[in-house]
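>>> Predicted model, plus sequence, below.
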Amino acid sequence: MLHSLVQIRQLKYSFTVQKHKAIAAPGYLLEMVKSQPGSSSSRGGSISGGGGGGGSSALDHITTIKGLKETPQQIALRALRSITKSITEHAMIEDIPSDLLFGENIDLHRWSMILKDTAMEELSKQKESGKKFVLDTSATTIQGMFKTFWTKYESTLGLLYLNIANSKQVTDYGLTIVAHNSAEMRSLDISGCTNITDAALREVALHCPKLTSLNISSCHNIKGSGLVAIADCCPYVSKLNISKCGNLENWSLQKLFRKTTHLEELIVSYLREITDEELRVMAEHAHDFMHLEAIECRNVTDQAILSITANCKDLDYVDLTRTEFTSRVSDVTLMALGQKCHSLRTLKVNNCDGITDVGLGWLTEGCKVIETLEFSGCNKVSRHFRVKHCFDD
């Protein structure tokens, strides 16, 4: 079983989860806890330091008022103990501390090595928990987790944003039970969750109709029917990442793009089977579309960009970088962008052999606000053009 190691040495420790290191100082946190309103160092009821032997003295001097309900200070210390698990020199964490499974914005991607369905089940019950103090799970330090802890949590909406990227132990059951209890969810990132299939995605569609952002990158067990359900039940999806989903079927993409009329951002990088036809369907139905990332999409050609520029005038970002079939993107793409997408700010056409000085000239004439232009590996672009326009590979 994969574990995350917490090494605690006196008042400083290193906190490591899935190769991510966050340095914190519990001594600082203890002082912060003592300084909050309602804490007391002179009344009975001391809080011990949780788990394990001989090191509890670090927390012994933190006290609370006897007879009262659990105070914010007690909650903070309990949360800290849950994170550190014990004050012994070495401790193994096998489950995510329950104090992290509460709030509107839950970011557990740093805990992906130990995130399992049991934690997802507990997360699904947060509305029933009655908790009022929330840790910021997206923070990179322990201090950061507690930054907004003292602001009382009053929201009744429940879970809005969930990131469980690369959690390979989470299955359809774990995602389904969360979806059933998260009707207000707006954003879901399950990228790299290889045990999640179309079945769970259908449950998300049925129970989270307000979803606006979905990332299923590298979910190789999703083939498409779940995405069709998303299109049918979640009409407000504006950001979609389906990159590296090698088993997606083209029929599902066409059905998806016909109904996602509010789509603004699409990432299909390394999706080798996507073609001009799917992008044409998308462009004809999503007129507010602005952001396309199609890196290494060998079957995307000038024709796709012609369809997009004809329907989506507010295009802001395009990345067509590739190393295969490099001649399929040419000056035709640059001409279309220069003529119809005057608000374009970023274009990346690295290694596209069909790009020449002429096309880049058309582009720069029409796109006056462009900030980033990358054409590394475009061998037909002259040195003279690069020097004249201050570009360099």
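Alright, I've got the coordinates.
>>> pLDDT value on the nearest residue to K116 once chain neighbours are set aside, please?
What sits nearest to K116 in space, not counting adjacent residues and going by C-beta to C-beta, 6 or more residues apart in numbering, is Q169, at 4.7 Å. To be clear about C-beta, it is placed using only N, CA and C from the backbone, and glycine gets the same treatment. For Q169, the pLDDT comes out at 95.
>>> What about Q169? Give its phi and psi, please.
With angles defined as degrees, to the nearest 10, Q169 sits at phi -90, psi -10.
>>> Report the contact partners of it.
The contact partners of Q169, by C-beta atoms under 8 Å, 6 or more residues apart in numbering, come to 114-117, 195.
>>> Thought R298 was touching F325, still the case?
Yes: contact between F325 and R298 holds when scored by C-beta atoms under 8 Å: they sit 4.3 Å apart.
>>> quick one: the residue nearest to K116 from A119, how far?
With distances taken as C-beta to C-beta, to the nearest Å, Q169 is found 9 Å from A119.
>>> ok, now N181?
For N181, the distance to A119 (C-beta to C-beta) stands at 14 Å.
>>> Do you have the helices of the stretch 151-300 of the chain handy? List them.
Taking DSSP state H, counting those that start in this stretch to define them, one finds helices in the stretch 151-300 of the chain at 172-179, 198-207, 225-233, 250-259, 276-285.
>>> can you state the direction angle for the third one and helix 250-259?
This points to helix 225-233. Angle, helix 225-233 to helix 250-259, by axes from the mean of the first three to the mean of the last three C-alpha atoms, to 10 degrees: 20 degrees.
>>> Mind listing what's buried along helix 225-233?
Neighbour counts over helix 225-233 (16 or more other C-beta atoms under 10 Å) mark 225-231, 233 as buried.
>>> Ok, stretch 342-349 next?
Quick answer for stretch 342-349 (16+ other C-beta under 10 Å): 344-345, 347-349.
>>> Using the record's assignment, carve the protein into domains.
Domain assignment for the chain by automatic domain parsing gives 4-93, 98-388.
>>> lowest-confidence stretch among the ones you listed?
Lowest mean pLDDT within the domains of the chain: domain 4-93, at a mean of 44.
>>> which residues touch stretch 272-289?
With contact meaning C-beta under 8 Å, 6+ apart, stretch 272-289 is reached by 246, 248, 250, 253-254, 257-264, 266, 268, 292, 294, 296-301, 303-304, 307-308, 310-312, 314-315.
>>> Out of the residues you listed, which end up buried?
Listed as buried from the contacts of stretch 272-289 are 248, 253-254, 257, 259-264, 266, 268, 292, 294, 296-301, 303-304, 307-308, 311-312, 315; burial here means 16+ other C-beta under 10 Å.
>>> Tell me which of these fall in strands.
Judged by DSSP state E, strands contain the following of the buried ones among the contacts of stretch 272-289: 266, 292.
>>> What distance do you get for the nearest residue to R328 once chain neighbours are set aside to V387?
Distances taken as C-beta to C-beta, 6+ apart place T301 nearest to R328, at 4.2 Å, with adjacent residues excluded. Taking C-beta to C-beta as the measure, T301 falls 30 Å from V387.
>>> Same check on I216?
Distance, I216 to V387, using C-beta to C-beta: 44 Å.
>>> Between those two, which has more neighbouring residues?
Using other C-beta atoms under 10 Å as the criterion, I216 and V387 rank with I216 on top: 25 against 10.
>>> need the contact list for that one.
Residues near I216 by C-beta under 8 Å, 6+ apart: 190-191, 196, 201, 222, 227, 241-242, 245.
>>> Emit the ChimeraX select command for whichever of those are buried.
The ChimeraX command for the buried members of the contacts of I216 (criterion: 16+ other C-beta under 10 Å) is given here:
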select :190,191,196,201,222,227,241,242,245
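>>> Columns distance to D276 on top of the contacts of I216, output as JSON lines?
Formatted as JSON lines, the contacts of I216 follow (distance: C-beta to C-beta, whole Å):
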{"residue": "I190", "distance to D276": "28"}
{"residue": "S191", "distance to D276": "26"}
{"residue": "I196", "distance to D276": "29"}
{"residue": "L201", "distance to D276": "26"}
{"residue": "I222", "distance to D276": "23"}
{"residue": "L227", "distance to D276": "19"}
{"residue": "N241", "distance to D276": "20"}
{"residue": "I242", "distance to D276": "17"}
{"residue": "C245", "distance to D276": "19"}
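>>> Inside strands: which ones of the contacts of I216?
Among the contacts of I216, the residues falling in strands (DSSP E) are N241.
>>> Out of the contacts of I216, which is nearest to Y161?
Nearest to Y161, judged by C-beta to C-beta, of these is I190 at 12.6 Å.
>>> hang on, isn't L188 packed against T212?
No: L188 lies out of contact with T212 (C-beta under 8 Å); the separation is 9.7 Å.
>>> ok, now which ones touch the residue lying closest to K340 once chain neighbours are set aside?
Once flanking residues are discounted, K340 sits nearest to T309: 4.4 Å by C-beta to C-beta, 6+ apart. Contact partners of T309, counting by C-beta under 8 Å, 6+ apart, are 315, 336-337, 339-341.
>>> can we see that at 6 Å?
Listed by C-beta atoms under 6 Å, 6 or more residues apart in numbering, the contact partners of T309 are 336, 340-341.
>>> Same check on K348?
By C-beta under 6 Å, 6+ apart, K348 lies in contact with 319, 321, 374.
>>> for V228, same thing?
V228 makes contacts with 252, 255, as judged by C-beta under 6 Å, 6+ apart.
>>> try it again with 10 Å
Residues in contact with V228 (C-beta atoms under 10 Å, 6 or more residues apart in numbering) are 198, 201-202, 205, 249, 251-256, 258-259.
>>> re earlier: next, show the common contact partners of F325 and R298.
When C-beta under 10 Å, 6+ apart defines a contact, no residue borders F325 and R298 alike.
>>> picking up where we left off before, of the contacts of K348, buried ones?
Buried among the contacts of K348 (16+ other C-beta under 10 Å): 319, 321.
>>> quick one: which of the contacts of K348 is nearest L360?
For the contacts of K348, the closest approach to L360 (C-beta to C-beta) belongs to E374, at 11.4 Å.
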